[in-house]
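> Can you look at this prediction? I've put the sequence above it.
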Amino acid sequence: MSDSVFSGFPLDPRLMQALEKAAYEEPTPVQAAAIPVGLTGKDLLVGAETGSGKTAAFVLPMLHRLLQKSAESGRVDNSGTRALVLVPTRELAIQVVKQCDLFASCSHIKTGLIIGGNSFKYQQAMFRKNPEVIVATPGRMAEHIGHGSTDLQDIEVLVLDEADRMLDLGLGADVIKIANNCKKPRQTMLFSATLTHKAFSAITQDILVDPEIIKLNTVREQHSNIVQQIILADDRDHKDRLLDGLFAEQTFEKALIFCNTRAQATRLCGLLRYRSSGTEKLRTGLLHGDMGQDERKDTVNKLRGGNINVVVATDVAARGLDIKGIDIVINYDMPRNGTDYTHRIGRTGRAGEEGLAVSLISAFEWNLMSSIERYLRVRFDQRKIKGLEAKYKGPKKVKASGKAAGTKKKKSKDGDDKGKGRHRDKKNIGKRRVASKKSSSDDGRSKEGRSPLKKKIKPQAPLNDDEG
Ligand code: AMP
């Protein structure tokens, strides 16, 4: 480790030893920027994307502090937990505990895991053992505070990891409640894929004190090591066949397929069990928020160990899942925004490896795809699978934004809608069914082009598939 770039940081020798064990040679950009500031004890606000190495960027300064300073309460031997890491999902919590254990492996420091789905009583017993570090999801942690399982009065370091996602999942109030229970003053480090979340200021003003802001690799920046492609699709059956075609022509070690709903993921997982990639049968697993924690862990472990090579997942798996060898991510359904897209594709191309992301785009997903392109300032390559080309060729006309042209109703001179509504009101009363059956979209696309958009998106399962 002596010639490692990490040796430039004044880290505790036990951490240097652990870094050597982990074979980390060079800090990633977020580590290079955040570790020195973290070591000063200042509050930190860091914009860093998933897969950037952000976990070590907060775990190393946090552990260093615990190793260097005895508990500030003076209760050296029986101080409570001194560091708390809040994360949005159970999977991410498990990953963070692993990294804490890895870096603490040459010291006495222990880490406890507090997540929904695990035994409450067992967790209460764990609190009594006072592990130096706790990694928790906010919902369950707030429950423990309510039950008086722990007091957080010895927390010197509070970390909010993937804070934007916690806000998206509606966990902001729990996060603030927990932070208000932690001791003051303390060091708070907040990591987020984006620093422009609309609800951010409430959290940052309440929780951070004069933070040093580090903005790296924001969510908009490209994953330059990930090839991003789209394949046009006609409908669900066509998407199913495209998957077959893709698996037949694409060599891969492990694949992750994302769907927007649990029902879709379950259906697809069942279907793929009987399919193959080239000559080999696919070995598939399922991952969604309605599964028990043990089942979810089982799927992740099987994928990690290579017992299965394809996992069909909802967005619950998009965060935190850190598995080597996922060389392809497929969006069977296009995610509903650019941030989710980035998190999904971030499961491949981990730590700078090459990755491939393929999104299947039907007509009603075109505009969504194009707004994600604009948001990320990328242009996806269009890929075709021989013999399985879609009848849908994209919109006939596109606007400068890339969206399909002519999808908005025209207004008449007097400002009234000239759409079907007016005709229905005046002339076509009682003929609704006929009118809607005949309708084709304004841009000349087939019925699939537009009308299913409203019908399909609305009844789909909740936007967020998690979390407890
Ligand atoms: P993270 O963004 O923290 O989830 O990290 C993504 C992956 O990169 C994990 O598998 C880490 O173990 C790995 N990683 C993080 N930092 C380094 C580093 N400095 N050298 C090698 N691998 C790293």
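Nice, I can see it. Numbering: from 1, shown residues only.
> and the closest residue to the ligand within the stretch 101-250 of the chain, what does it touch?
Residue of the stretch 101-250 of the chain nearest the ligand, by C-beta to the nearest ligand atom: Leu102 (8.1 Å). Glycine gets a C-beta too; all of them are placed from N, C-alpha and C. Leu102 makes contact with Ala18, Lys21, Ala22, according to C-beta atoms under 8 Å, 6 or more residues apart in numbering.
> again with Ala142
Neighbouring residues of Ala142 by C-beta under 8 Å, 6+ apart: Asp174, Lys177, Ile178.
> before we move on, what about Gly394?
Gly394 makes contact with Leu232, Trp366, according to C-beta under 8 Å, 6+ apart.
> can you rerun that using 6 Å?
With contacts defined as C-beta atoms under 6 Å, 6 or more residues apart in numbering, Gly394 has no neighbours.
> do the one 3 residues further on as well
Under the criterion of C-beta under 6 Å, 6+ apart, the contact partners of Lys397 comprise Ala405.
> Please determine how far it is located from Asn367.
Distance from Lys397 to Asn367, counting by C-beta to C-beta, to the nearest Å: 13 Å.
> how far away is the spatially closest residue to Ala265 that is not a sequence neighbour from the ligand?
Nearest residue to Ala265, sequence neighbours excluded (C-beta to C-beta, 6 or more residues apart in numbering): Cys259, at 4.2 Å. Per C-beta to the nearest ligand atom, to the nearest Å, Cys259 is found 23 Å from the ligand.
> Any idea how many residues pack against the residue nearest to Leu167 when sequence neighbours are not counted?
Nearest in space to Leu167, with sequence neighbours left out and distances taken as C-beta to C-beta, 6+ apart, is Ala199 at 4.8 Å. Look at Ala199: counted by other C-beta atoms under 10 Å, it has 14 neighbours.
> Look up phi and psi at Ser401.
Per-residue torsions, Ser401: phi -70, psi -10 (degrees, to the nearest 10).
> For Ile226, what are phi and psi?
phi -110, psi 120.
> follow-up on the earlier one: which SSE is the residue of the stretch 101-250 of the chain closest to the ligand in?
Element membership for Leu102 (DSSP states H and E) is helix 90-103.
> avg pLDDT for that helix?
Averaging pLDDT along helix 90-103 yields 95.
> Please apply the same query to stretch 295-312.
The model assigns stretch 295-312 a mean pLDDT of 93.
> what's the distance between that stretch and the middle of its chain?
What separates the centre of stretch 295-312 from the centre of its chain is 18 Å, taken as C-alpha atoms, centre = their mean, to the nearest Å.
> what about that stretch, near the ligand?
No: Stretch 295-312 stays clear of the ligand (C-beta under 6 Å from any ligand atom), getting no nearer than 11.4 Å.
> of the contacts of Ala142, buried ones?
Neighbour counting with 16 or more other C-beta atoms under 10 Å marks Asp174, Ile178 as buried within those.
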